Structures are given as C-alpha cells and as structure tokens.
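Undergrad: Sequence plus the predicted model coming up.
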Amino acid sequence: MFIPDPEQEKKAIINRYRSLLRVWTLEKPEDKKVIRKAFNLAVEAHKDMRRRTGEPYVYHSIEVARIVAGEIGLGRTSIACALLHDVVEDTDYTLSDIENMFGPTVAKIIDGLTKIKDIFDRSSTSLQAEYFKKMLLTLSDDVRVILIKLADRLHNMRTLDAMPHDKQLKIASETLFLYAPLAHRFGLYAIKTELEDLSLKYTEPEIYSTIYEKLAESLKERKRFISKFINPIKKSLSQHHFTYDIITRDKSIYSIWNKMKKKEVPLEEVYDLFAIRIIIDTRRETEKVDCWRVYSIITDHYRPNIDRLRDWISIPKANGYEALHTTVMSHEGHWVEVQIRTKRMDEIAEKGYAAHWRYKEAAPGLSEANINNWLERIRDMLQSSDSNALNFLDDFQGFLFTDEIYLFTPQGELRNLPANSTVLDFAYAIHSEIGNSCIGAKVNHKLAPLNYKLKSGDQVEILTSKKQFPRSDWFDYVVTARARTQIKYAIKEDKKKYIEQGKSKLREYFEQINVEFNNHKLKKLQQKYNYLSMTDLYFDIAHDLIGIKEIKECCGTPDKESWLSKVIFRPFSKSKQSDHKTLTETVMEKLKERDDSFKDNKNIQKISYDISSCCNPIPGDEIVGFIKAGDAIAIHRTNCATAISQMSRYGNKIIKTKWNDKESIGFLTGIKINGIDKKGFINDIMKIITENFDLNIKSFHLECHGGMIDASIMLYVYSIDNLNNVVRGLKEMPDIKKIDRINSL
Ligand code: MN
C-alpha cells in the first residue's frame with residue numbers, strides 16, 4: 001500500500017495554496033487574512049479525507065478556489081467559500097461554526113453550496129430534477145453560489161478519470177445537459193467549452209479522440225496558414241498605431257462534432273476550424289470606433305461575407321458578450337472568422353458575469369441589466385412552476401436554450417424577452433397592471449393583437465383600457481412565466497371579489513327552499529357540480545350560473561347522511577359516477593325541466609338549438625348555451641363577445657354545456673388562407689380538404705393581388721380537433737403563409 005509522506009504532502013498543499021494566491025490580485029491586505037483562515041480550516045477539516053486518486057481531499061478545495069479566482073475572476077468572499085465548499089457537507093464542522101468564524105455572508109453561500117451538493121450517488125431522474133430546482137432556488141439568492149458550483153463541477157470533470165465508468169457517464173451527461181448551458185448563460189465561454197469537450201471525451205470517447213488526433217495532425221499546416229493570413233493585418237494594425245494581440249483559437253472539439261452532425265459532413269469539410277481573435281488595447285470612450293477601424297483594416301485585405309457580420313458591440317448578447325465578428329475569404333479560398341474586441345470585452349467574454357462587477361462603476365451597462373433581467377425571469381419561473389420538478393426541468397432546459405429577442409419601448413428603451421414572446425408578454429414584462437389592462441399594441445406603429453408574436457428590433461407601444469381584464473384564454477397567448485403567473489393571480493383575485501356576493505346569494509337560496517345552510521351542504525354542492533374550489537362555486541353563484549334550481553336539486557331533500565345512514569346504508573349505496581355530461585345530455589336535461597314534449601327525445605339533432613352565427617362554435621370549443629324564447633337553445637363559444645354580454649345580462653338563462661365526444665354531424669366553419677400564388681395552389685388546397693380529410697366544402701372565395709392569394713373557405717368539420725388537423729395539413733404546403741379561423745361567418 002502506498003503510504004504518503006506527511007511532511008511532503010504538507011509542502012505540496014502549501015505549494016498549491018501559493019499558486020492560488022498567484023492567480024489573484026489582492027485588493028486589500030485583510031483579504032489575504034480571510035483566505036488564509038479559510039485555507040487553514042479547509043486543511044484541518046479535510047485532514048483525514050482523500051480523493052479517489054489517493055490525493056489529499058483539500059487539493060480539490062484549493063483547485064476549485066483557483067478556478068473561482070483565476071478563471072472566473074471572483075474576489076475574496078467567493079475564494080474563501082470555494083475553499084470551504086465541502087466542509088459542512090463532509091466534515092464535523094457545522095454551518096454555525098462557519099458563521100462564527102466568517103460571518104453571515106460566507107455562511108449563506110456555504111449553506112447554498114451544501115444544499116446543492118452533487119448527487120453522484122443518487123440515480124432517479126426526479127431526484128436529479130428536484131436537486132436542480134433547489135440549485136436554482138439558491139441561485140436566485142446569491143449568484144456566487146452557482147459560479148462556485150460551476151468551478152466545482154469543472155474540477156470534478158477535469159479529474160473524472162478516477163471515477164468508475166458508469167459514474168463518468170452520468171456525470172458527463174449531466175454536465176452537458178445542465179452545467180455547460182448554465183456556464184454559457186453566464187457568459188463563461190472558456191468554462192463552457194471545456195465542460196463540453198470533457199463531457200464528449202467520456203460520452204463519445206472514439207469521436208473525441210478521432211477529432212483530437214486530426215486536429216493535432218493538421219496543426220503545422222494550420223499554423224502556416226494562419227501566419228500567412230495575419231501578416232498583412234499585423235502590418236496595417238501597427239501602421240495605424242494599434243496596441244493589439246492576435247490570438248488564434250481552435251474551435252472546440254465539441255463544436256466541431258456538432259457542426260459535423262448538423263451539416264452531415266466529414267471532419268475535413270468543417271471549414272472554419274479556427275477563429276482569429278484580435279484584441280486591442282484602447283480607451284473605453286473610443287472602443288466602438290476603434291473596433292470598426294480594425295474591421296475596416298481587415299476588409300481592406302480580405303473580402304467579407306456580409307451575411308455573417310455580427311455587431312455585438314452596439315447590442316451585446318443577453319449574457320453580456322460584446323464583440324464584432326466577421327467572416328472573410330482568405331487568399332487560399334477558406335472562410336476565416338475574425339473576432340474583434342477590446343481588452344475589456346475580452347475579459348467579459350472569458351470571465352463572463354463576474355467581469356462585469358469589475359467594470360460596474362465605469363459603466364453600469366446594458367449587459368448587467370440583461371443578466372439581472374435573466375435572473376429575475378428565473379425567479380419568476382421558480383415561483384410559477386408547480387410542485388412537479390420534472391416539468392420544471394423541461395421548462396428550464398427550454399429556457400436555457402431559447403434565443404432572446406430585443407425589443408424597444410416607444411422611448412427607445414431596450415428590453416429583451418425570450419423568442420416567441422407576444423405583445424401580452426411584453427406588456428407583463430413592463431408591469432403587471434399594464435399586462436392586466438392590455439388590449440393590444442402598436443408594433444412599429446401598426447396595430448397588433450395581444451397574441452402577436454414579436455420579432456427582434458420591433459418597437460412596441462402597449463395599448464391599455466381600464467375595462468380590460470385577464471381571461472383564462474390569455475394563457476394561450478403568452479410564453480413567459482411572469483405573464484402566466486400574473487394572469488393566474490389576477491383571475492384568482494378577481495374571483496375572490498365575488499365570494500361575499502356568492503355567499504349571501506347562496507344563503508338566500510337556502511332560506512327560500514327552507515333548508516339549513518351548512519358546510520356539509522356546501523361540500524355536496526361542490527361535488528355535484530364539479531367545482532375545484534369554493535371560490536369558483538361562489539363566483540358562478542354570484543354570476544347566476546348556478547341558481548336556486550340547482551341548489552334545490554342538490555340539497556332540497558333532507559340530509560340522508562345522518563350517522564345512522566353512514567353506518568347502515570353506506571355499504572349498499574352506489575358510488576356516484578362523476579357526471580361528465582355531453583352537450584346532448586345537458587341540453588336534454590334542461591329541456592326536460594321546461595317542456596314535456598322533449599321528454600323522450602334522445603336525438604339532439606331534433607332539438608331546436610342554434611349554432612350562433614356570431615362565433616360559430618364547433619365541437620371541442622368551450623361553449624355555453626342560452627335558453628331563448630320558445631325553449632330553443634343558442635350555443636355560443638364562451639369567448640364570444642355576444643355571449644359575454646348576454647351572460648352579464650341574462651345570467652339565469654345560461655346553461656353550462658359541453659360537447660359530446662362523438663358528435664357526428666358536420667358543423668360549418670370557416671378558414672382564411674393567405675399564401676403565394678402558384679400554379680395548382682387552389683387545387684392542392686381542395687385536394688387536402690376533400691380527399692385527405694374527406695370533408696365537404698360549402699364555399700370557396702378567392703382574391704389575388706400582387707402575387708398573393710387570400711382565400712376564404714367555408715367547410716363542414718366534426719370537431720375542433722378535426723379542424724386543427726386540417727389546418728395542420730394545409731400548413732405543410734410551403735406556399736401557405738398564414739391560416740386563421742373565421743369567427744363570424
Ligand atoms: Mn466539491
């Protein structure tokens with residue numbers, strides 16, 4: 001057995017500690033004292049522990065601190081926390097020991113780190129998801145927790161060789177799934193790239209080594225090419241008195257692999273295997289102009305591809321990245337990507353979020369607002385997500401990879417939102433009140449509806465009305481968690497207003513039917529009419545959607561549920577099926593109460609009910625019925641304006657209705673198609689509707705102008721699903737640009 005020499009090991013630990021101090025520039029003399037104290041405690045606490053490699057455990061703590069200091073660029077508190085990050089979890093020291101020695105801030109961060117301790121030994125996905133959710137909850141307390149966590153993960157990935165194979169795979173895929181994207185979001189490019197490459201090394205070892213070897217093989221050739229490429233640029237930069245650095249970076253193995261997969265090409269054809277980075281040292285005030293001057297110098301020598309020019313100086317990326325990217329054609333016929341940035345921008349690109357703190361005073365910039373904005377959205381998401389951690393994980397994954405769009409307020413203020421955000425999302429991003437009263441917007445001075453999808457660069461002026469109020473169909477109009485939470489909240493609050501009104505109305509009803517009003521009866525009502533909450537029940541009573549008739553039906557007879565009946569009759573009484581009534585059944589039931597002639601009529605088609613032409617409901621739509629004169633029933637969609645106004649006036653004539661799943665008659669509906677005029681266009685549409693879906697068309701109206709076609713088609717469908725399928729089928733035609741349902745025929 002290998003027995004380490006304790007003296008030598010002590011020296012080695014001290015050496016590592018010194019190298020930690022070297023990567024970090026001291027700001028105040030007392031900084032070093034704190035670090036030293038943390039170091040001493042870490043050494044003492046971990047003194048009997050070893051890593052899998054046999055090395056003293058504290059090596060890991062020091063290395064994590066070194067990444068935190070040198071590669072992320074964080075300061076004293078974070079370095080101390082990194083040194084101590086495994087102390088509470090793995091040793092006898094407690095959080096209050098830490099608090100006594102280092103104060104509340106350090107203790108809080110350590111607490112966060114302890115809570116999100118790696119779960120290498122647990123296996124179930126939901127646990128993993130639960131853990132990740134916890135991690136993000138902590139993240140929203142103090143960003144440093146997540147940055148230290150990333151450093152911890154990076155060092156574990158660097159030393160993954162010592163782990164058994166199954167754990168390597170698990171850790172590597174987790175890293176690829178969560179940590180690399182997270183590093184990306186914080187602008188830590190170098191760390192993100194290393195995490196990705198290391199993950200690939202363990203998940204796809206053969207691919208990794210093939211690419212690795214090919215890169216090594218071609219190294220000489222690339223060096224020759226690069227020096228030939230940059231020579232003229234160097235000369236010109238010096239002539240223009242620039243202080244600069246030119247760095248060439250190979251594309252990461254992971255990104256090469258990704259490109260090969262995406263384009264389905266062999267390694268040789270992934271042309272831009274490297275990028276050239278020009279870093280200039282210049283004053284803050286002139287950096288933008290200077291970067292463009294460098295651009296101009298480069299394009300004097302090489303022809304640029306205009307489509308691939310990226311200006312992230314005027315508008316930085318959401319994670320704070322700033323640079324000018326261009327792709328130019330070399331004299332040897334290869335495209336070469338050239339990145340132009342200043343020293344300051346370079347530090348931000350390498351150290352991400354942390355670097356912003358350093359420049360904070362100089363210019364409290366857009367980038368920082370972006371990060372804060374992003375963190376705020378995480379918090380929103382955490383608040384709005386339900387208890388299901390797996391759903392949340394999906395949401396978050398989507399969120400990490402979603403692109404951002406940039407939008408402007410009428411005052412020219414910049415806002416960024418996730419891609420696919422709508423007018424309503426934008427309104428809620430500004431303020432919950434603005435969201436709640438939003439009726440639409442002017443997007444680039446043109447009117448746009450609530451669900452209009454915004455594009456980068458749009459200028460959005462929200463239009464509001466005091467009469468507006470959030471409705472449940474608004475959930476379909478938004479993509480951001482913030483908007484969803486606010487809508488949910490507003491609807492709930494609104495319903496609460498009616499509790500008292502509903503309650504007193506209900507008391508009255510009970511008095512009228514001469515039955516005692518108690519909690520038990522309330523429960524009975526709730527069950528019978530399928531209400532999720534009492535608030536909903538009171539709301540419907542207040543709005544006369546449930547009246548004295550329903551109350552009587554449910555509670556009009558004396559209570560059978562005495563203690564005696566519970567004991568004696570329960571075993572014989574049938575459990576009541578929850579009643580999912582079809583439209584037919586509900587309508588029938590209502591009519592039975594009103595007119596004897598309908599009593600034995602089982603066929604809905606013979607009942608006189610009208611499909612209202614103002615909104616043309618079809619099976620699958622949410623609907624409501626109104627009892628009209630002569631006992632006919634008018635069916636409306638619940639979001640129909642006529643229905644809404646009628647509901648408020650003739651509440652007692654409303655019946656809640658539902659479609660039967662198996663309605664077999666065709667319902668007239670209409671769609672509006674907007675597309676490019678091409679030969680066979682109409683024929684193709686007809687074919688899809690009549691042949692593929694076997695539906696009947698009632699009318700077809702067509703207008704052509706300027707190469708565009710507007711078609712209105714009236715057709716008979718069986719249900720909303722049926723209609724949606726047709727629309728989906730039509731959308732597969734490349735020349736169709738837009739399809740809308742026609743509400744009023
Ligand atoms: Mn650790």
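TA: That came through fine. Numbers count the residues shown, from 1 in each chain.
Undergrad: Val338 touches Ile297, doesn't it?
TA: No: taking contacts as C-beta atoms under 8 Å, Val338 lies outside contact range of Ile297: 10.5 Å. To be clear about C-beta, it is placed using only N, CA and C from the backbone, and glycine gets the same treatment.
Undergrad: which one of the two has more residues nearby?
TA: Val338 (23 against 19; other C-beta atoms under 10 Å).
Undergrad: low pLDDT regions in the stretch 551-700 of the chain?
TA: 557-610, 627-632, 639, 641, 643-665 (pLDDT under 70).
Undergrad: Write out the residues of it neighbouring the ion.
TA: Within the stretch 551-700 of the chain, no position is adjacent to the ion by C-beta under 5 Å from the ion.
Undergrad: Most proximal residue of the stretch 151-300 of the chain with respect to the ion?
TA: Relative to the ion, the nearest point of the stretch 151-300 of the chain is Asp152 (4.3 Å; C-beta to the ion).
Undergrad: Hmm, Glu63 and that residue touching each other?
TA: No: here Asp152 lies out of contact with Glu63, judged by C-beta under 8 Å, at a distance of 9.4 Å.
Undergrad: any idea how this protein splits into domains?
TA: 6-204, 212-362, 402-495, 497-555, 571-657, 667-742 (automatic domain parsing).
Undergrad: Out of those domains, name the one with the poorest average pLDDT.
TA: Among the domains of the chain, domain 571-657 carries the lowest mean pLDDT, at a mean of 56.
Undergrad: hey, where'd the helices end up in the stretch 301-450 of the chain?
TA: 343-351, 353-359, 366-384, 389-401, 423-430, 432-436 (DSSP state H, counting those that start in this stretch).
Undergrad: Show me which of Asp152 and Glu63 is the more surrounded one.
TA: Taking neighbours as other C-beta under 10 Å, Asp152 and Glu63 compare with Asp152 leading, 24 against 21.
Undergrad: Now do the same contact list for that one.
TA: 64, 82, 85, 113, 118 (C-beta atoms under 8 Å, 6 or more residues apart in numbering).
Undergrad: give me the element it is part of.
TA: helix 143-158 (DSSP states H and E).
Undergrad: Just the buried residues of that helix, please?
TA: 143-157 (16 or more other C-beta atoms under 10 Å).
Undergrad: Now do Tyr477 against Gly547, distance only.
TA: According to C-beta to C-beta, to the nearest Å, Tyr477 stands 33 Å off from Gly547.
Undergrad: So for the two, which sits in the more crowded spot?
TA: Neighbours of Tyr477 and Gly547, each counted by other C-beta under 10 Å, are more numerous for Tyr477; the result is 19 against 16.
Undergrad: ok, that one touching Leu450?
TA: Yes: at 5.2 Å, Tyr477 counts as touching Leu450 under the criterion of C-beta under 8 Å.
Undergrad: Relative to Gly620, how far out is the residue of the stretch 601-745 of the chain found nearest the ion?
TA: Relative to the ion, the nearest point of the stretch 601-745 of the chain is Arg728 (49.2 Å; C-beta to the ion). As judged by C-beta to C-beta, Arg728 and Gly620 stand 14 Å apart.
Undergrad: and Asp476, how many neighbours?
TA: 10.
Undergrad: Around the ion, which positions in this structure sit nearby?
TA: 86, 152.
Undergrad: Would you tell me which helix is longest in the chain?
TA: helix 219-239 (DSSP state H).
Undergrad: That helix: which residues count as buried?
TA: For helix 219-239, by 16+ other C-beta under 10 Å, it's 225-226, 229-230, 233, 236-237.
Undergrad: What is the neighbour count of the residue of the stretch 601-745 of the chain closest to the ion?
TA: Residues lying near Arg728 (other C-beta under 10 Å) number 10.
Undergrad: ok, now Lys523?
TA: Lys523 has 11 nearby residues by other C-beta under 10 Å.
Undergrad: That one belongs to a helix?
TA: Yes: when DSSP: H, G, I helix; E, B strand; the rest coil is applied, Lys523 is found to be in a helix.
Undergrad: ok, it to the ion distance?
TA: According to C-beta to the ion, to the nearest Å, Lys523 stands 53 Å off from the ion.
Undergrad: do Thr342 as well
TA: Thr342 is 35 Å from the ion, by C-beta to the ion.
Undergrad: SS state for the closest residue to that residue other than its chain neighbours?
TA: Leaving aside its sequence neighbours, Thr342 sits nearest to Glu287 (C-beta to C-beta, 6 or more residues apart in numbering; 4.6 Å). Following three-state DSSP, Glu287 is assigned to helix.
Undergrad: OK, contacts around Glu287?
TA: 280, 313, 342, 344-345.
Undergrad: go again using 10 Å as the cut-off
TA: 280-281, 313, 322, 341-345 (C-beta atoms under 10 Å, 6 or more residues apart in numbering).
Undergrad: go on, Tyr498?
TA: Applying C-beta under 10 Å, 6+ apart, the residues contacting Tyr498 are 505, 535-536, 538-543.
Undergrad: Can you identify each of the helices in the stretch 51-200 of the chain by residue range?
TA: Under DSSP H, counting those that start in this stretch, the stretch 51-200 of the chain gives helices at 58-66, 76-83, 87-90, 95-102, 104-115, 125-139, 143-158, 165-174, 180-185, 189-203.
Undergrad: what's the most buried one of the ones you listed?
TA: Highest mean neighbour count of those: helix 76-83, a mean of 26 (counted as mean count of other C-beta atoms under 10 Å).
Undergrad: if we can go back for a sec, so how far is the helix holding Asp152 off the chain centroid?
TA: Its chain's C-alpha centre and that of helix 143-158 lie 23 Å apart, by C-alpha atoms, centre = their mean, to the nearest Å.
Undergrad: gap between the closest residue to Ile513 other than its chain neighbours and Ala45?
TA: Among residues not flanking Ile513 along the chain, Lys552 sits closest, at 5.1 Å (C-beta to C-beta, 6+ apart). Distance, Lys552 to Ala45, by C-beta to C-beta: 73 Å.
Undergrad: Which one's more surrounded, those two?
TA: Neighbours per residue, other C-beta under 10 Å: of Lys552 and Ala45, the larger number sits with Ala45, 21 against 15.
Undergrad: Now for the nearest residue to the more buried one once chain neighbours are set aside, how many residues are close by?
TA: Once flanking residues are discounted, Ala45 sits nearest to Thr91: 4.2 Å by C-beta to C-beta, 6+ apart. Neighbourhood size, Thr91 [other C-beta under 10 Å]: 19.
Undergrad: Wait, Thr91 touches Lys47, no?
TA: Yes: counting by C-beta atoms under 10 Å, Lys47 is a contact partner of Thr91 at 9.1 Å.
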